[in-house]
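# build the 3D model from these lines:
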Amino acid sequence: MREIDVSEITKAVKGMCISANYTLSDDMKKALLSAKDKEESELGKQIFAQLMENLEIAENDDIPICQDTGMAVFFFKIGQDVHFVGGDLSDAINEGVSQGYTEGYLRKSVVGDPLIRKNTGDNTPAVVHYEIVPGDKVVITCAPKGFGSENMSKVYMLKPADGEEGVKNAVVQAVKDAGPNACPPMVVGVGVGGTFEKCAEMAKEALTRPVGEHSDKEHIKAMEEEILDRINQTGIGPAGLGGRMTALAVNINSYATHIAGLPVAVNICCHVNRHVTVTV
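Predicted structure coming up:
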C-alpha cells in the first residue's frame, strides 16, 4: 500500500491547468505543422501560419492559447494499492483547479447552476472521471475543454443494423453540422458501444490520445482513417473558410454493448486540443 497526501494532487492539478492552457502538446504542434504543409488553399495556409504564430506567442509569453480556457476535465487512473491521506480527493482536485485558474490568470467560465448561471469565480467544479487500475501510481490527464467545439457534440443511438457504415455516416454528419463553429482544423473524438453515457465518456477520452496514434484494433483503425479522409473531403477547411484540412485526426474508442443497441458519441475539439498527463 502506498500513501499519497492529497496536497500532492492539488499541486499536480494546479500545474496541469496552467501548462495545458499555455502550451499545446507536441503531438498537436506536429499535426498542425503537417496539416499546414498539406493545405492547398492559400487562405488556409495563411490561417495555419496565424495559428502557429499564436501558439508561439502563448508559449513564449506565458499567456493562454485561447481566451476560452475551458471547463477542466480530468481522467484519473488510480492504482488499487494507493491510499489517499490528508483530506478528500475531490476537494483536493477542485482546490488545484481553483489555484491554477486564479494564479495562472485563466478565464473563469464555470457557472454553479446551469439555470441560475452565477459564475463560481474560480472555474470549479471540475468534471472528473475515475478508473481503478492495478498498481500504486496515479496517472492524471487534464483536458480543459472549450465550449465552442463542445457544443457541437452529438450522441446517436443507432440500430445494430446500421452497422459500420452507419457509424461512419454519423460521425461525418456531426462534423458537417458543426462546420466552422468547431474552429477547425479539429480533432474528432468518437465513442462506439457501451451505453448512452459510456460512449460519451469514451469520445471525450479519445481526444486525449496523441494525434497520429491509431486504435490497436485493425477494423477501428481502418474506420479512423476512412472517416478522416471523408471529413477532409467536405471542403470546410481551416476556420471553416474552405480548404483541404478540416480535421487533424479521428480517434475512436470502442466498448462492448447490448445486442439491441449501437450507441455512438462524437466529441469534437478545435485546433486547441489541450491535454497533458502526469504520474504521481
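
# going on from the host helix or strand of residue 254, what's the next piece of helix or strand?
For residue 254, the host element (DSSP states H and E) is strand 247-257. Per DSSP H and E, the first helix or strand lying C-terminal to strand 247-257 is strand 262-269.

# what's the angle between that next one and strand 247-257?
Relative orientation of strand 262-269 and strand 247-257, computed by axes from the mean of the first three to the mean of the last three CA atoms, to 10 degrees: 150 degrees.

# quick check: mean pLDDT of strand 262-269?
Strand 262-269 comes out with an average pLDDT of 98.

# for it, packing partners?
Applying 3 or more CB pairs under 8 Å, 6 or more residues apart in numbering; DSSP states H and E, one finds that strand 262-269 contacts helix 147-150, strand 154-158, helix 163-178, strand 186-194, helix 196-206. C-beta coordinates here come from the backbone N, C-alpha and C atoms, glycine included.

# right, so of those, which gets closest to residue 66?
Closest approach to residue 66 among the helices and strands packed on strand 262-269 (CB to CB): helix 147-150, 9.0 Å.

# roughly how far out does the closest one sit from the chain middle?
Relative to its parent chain, helix 147-150 has a centroid offset of 10 Å by CA atoms, centre = their mean, to the nearest Å.

# now do stretch 182-199
On CA atoms, centre = their mean, the centre of stretch 182-199 falls 9 Å from that of its chain.

# do stretch 75-94 as well
22 Å.

# distance between the ends of that stretch?
Using CA to CA, to the nearest Å, the span of stretch 75-94 from its first residue to its last is 14 Å.

# what does that stretch contact?
1-7, 9-10, 13, 74, 124-126, 128-141, 143, 205, 208 (CB atoms under 8 Å, 6 or more residues apart in numbering).

# list only those of these flagged as buried.
4, 6, 9-10, 13, 74, 124-126, 128, 137-141, 143, 205, 208 (16 or more other CB atoms under 10 Å).

# just the ones of those residues in helices?
Residues of the buried ones among the contacts of stretch 75-94 located in helices (DSSP state H): 6, 9-10, 13, 205.

# buried ones in the helix or strand hosting residue 48?
Element membership for residue 48 (DSSP H and E) is helix 42-61. The neighbour-count check on helix 42-61 (16+ other CB under 10 Å) flags 44-45, 47-48, 51, 54-55, 58 as buried.

# then stretch 233-252?
236-240, 243-252.

# now do the same end-to-end measure for that stretch.
19 Å.

# and residue 56, what does it touch?
Residue 56 neighbours (CB under 8 Å, 6+ apart): none.

# what's the answer for residue 246, then?
175, 184-186, 231-232, 234-238.

# same deal with residue 100?
Neighbours of residue 100 in contact, by CB under 8 Å, 6+ apart: 13-18, 72, 106.

# let's see that with 6 Å instead.
14, 17-18 (CB atoms under 6 Å, 6 or more residues apart in numbering).
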